[in-house]
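In: Build me a model from this:
(one chain, ligands or ions: 1)
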Amino acid sequence: MRAIVRSTAEDRPGVYRMLSDDGEIVYVGKAKRLRTRLLSYFRASFPEDKGARVVREATRIEWDYTPSEFAALLEELRLIKQFRPRLNVAMKRDVRHFAFIKLTRGAAPKLLVVRGAGAEDAQVYYGPFHGAQRVGEAVRELNDALGLRDCRLEQPMHFSDQRELFQNFPRTPGCIRYEIGKCLGPCVGGCTTTEYRQRVQLVRAFLDGSSDGPIESLRADMVRASEAMEFERAGMLRDKLQRLEDLREQFMRFRFVVESLSFVYPVPGHGGDDRVYLIRRGRVRGEMHQPRTDEERDRLVEMLTDVFEPVERETAQVPAHEIDELMLLSSWFRRFPEELDRSQSAAAFVA
Ligand code: SF4
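Out: Have a look, this model is predicted:
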């Protein structure tokens with residue numbers, strides 16, 4: 001492998017795949033200087049080094065050149081998602097630093113705090129957030145404030161408008177949360193399907209940043225408790241309020257980061273292969289060569305109009321399949337803030 005790299009690899013941006021004997025892609029990587037990067041694998045000092053391990057498991061290297069390091073980064077992500085190479089743990093670890101709030105589907109959705117997003121799902125995610133434990137506490141407050149369930153996913157649900165179910169299934173006792181008014185009790189006919197759905201809408205509105213309902217209701221409870229001189233209860237409510245406010249603040253910061261990652265990003269490429277990336281809300285929504293003719297310029301303007309067309313309201317939701325790219329782009333512009341100097345708003349770029 002080393003001889004092949006030495007004789008044929010060029011020092012320019014690209015992505016590479018390490019393959020095992022039976023053709024399995026065991027590792028995917030990217031490099032700004034491909035040849036230098038690949039040769040470094042054969043200089044690993046210790047057998048436990050990542051490079052030594054990759055070379056031990058691989059018998060073949062394949063690579064493709066890309067116009068730039070940024071293009072290599074995007075291609076690496078695409079390949080990792082497609083092939084899920086078993087030695088690519090670094091990226092997963094990055095994502096696992098963050099917590100996400102997931103709203104499950106089904107008759108009675110519930111909130112879960114998860115690390116990273118499952119590739120399987122078409123579920124709704126909010127995040128990323130730092131501090132899984134604090135996010136977990138805030139989610140508990142949200143559940144309590146809005147009466148959402150927090151039991152196991154498989155818990156059978158019996159809404160009060162499911163009469164036919166009650167004829168066949170005896171009403172089972174709920175849990176303590178229903179008894180103390182912290183859950184609407186969709187498992188024991190404590191609410192209708194619509195009532196539960198309305199609460200889920202409120203949670204979504206809060207997580208989208210369009211409603212402060214849960215915070216306002218906790219604040220009103222706190223004021224009432226304080227006026228009634230129930231100071232212990234007022235103190236407890238103040239702590240709950242604080243946790244929800246922390247969560248909301250994190251949302252606002254996150255929304256700001258996501259919104260600020262919306263621009264046209266021209267990237268000079270190797271050998272003049274310059275590209276233009278249309279980035280909206282932290283994801284690449286379009287890419288083309290730097291236009292050189294009127295026709296190409298018209299095509300770019302068309303793409304810009306499509307990608308940056310105003311939407312009625314932006315949401316804080318992140319589809320599961322976009323989370324990795326969002327994390328990748330925010331980390332790229334955090335590592336290389338000078339790259340932002342080249343970015344332009346869609347309007348400025350067209351002008
Ligand atoms: S009352 Fe029923 S639905 Fe609510 S958390 Fe308890 S078991 Fe789940």
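In: Report the rounded mean pLDDT for stretch 339-351.
Out: Per-residue pLDDT over stretch 339-351 has a mean of 84.
In: ugh, wrong one, I meant stretch 82-91
Out: 79.
In: next one: stretch 214-234
Out: Averaged across stretch 214-234, the pLDDT comes to 88.
In: buried set for it?
Out: Across stretch 214-234, burial judged by 16 or more other Cβ atoms under 10 Å covers Pro214, Ile215, Leu218, Arg219, Asp221, Met222, Ala225, Ala234. For glycine as for every other residue, the C-beta is placed from the backbone atoms N, C-alpha and C.
In: Give me the subset of the residues you listed that lies in helices.
Out: Pro214, Ile215, Leu218, Arg219, Asp221, Met222, Ala225, Ala234 (DSSP state H).
In: I'd like these as TSV, with distance to Gly14 appended.
Out: Compiled in TSV, these are given as follows (distance: Cβ to Cβ, whole Å):
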residue	distance to Gly14
Pro214	49
Ile215	50
Leu218	54
Arg219	55
Asp221	59
Met222	58
Ala225	63
Ala234	62
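In: Please work out which residues outside stretch 240-255 touch it.
Out: 126-130, 134-135, 137-139, 141-142, 144-145, 206-207, 209, 212, 214-215, 218-219, 222, 314, 316 (Cβ atoms under 8 Å, 6 or more residues apart in numbering).
In: how does it look with 6 Å?
Out: Phe129, Glu137, Ala138, Glu141, Gly209, Ile215, Leu218, Ala316 (Cβ atoms under 6 Å, 6 or more residues apart in numbering).
In: Would you write a PyMOL line that selects the buried entries of the residues you listed?
Out: Only the buried entries of these go into this PyMOL selection, using 16+ other Cβ under 10 Å:
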select buried, resi 129+137+138+141+209+215+218+316
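In: Let me know the closest of the contacts of stretch 240-255 to the ligand.
Out: The ligand has its nearest neighbour among the contacts of stretch 240-255 in Glu141, at 14.7 Å by Cβ to the nearest ligand atom.
In: Secondary structure of that closest one: a strand, I assume?
Out: No: assessed with DSSP: H, G, I helix; E, B strand; the rest coil, Glu141 is helix; it does not lie in a strand.
In: Sounds good, over and out.
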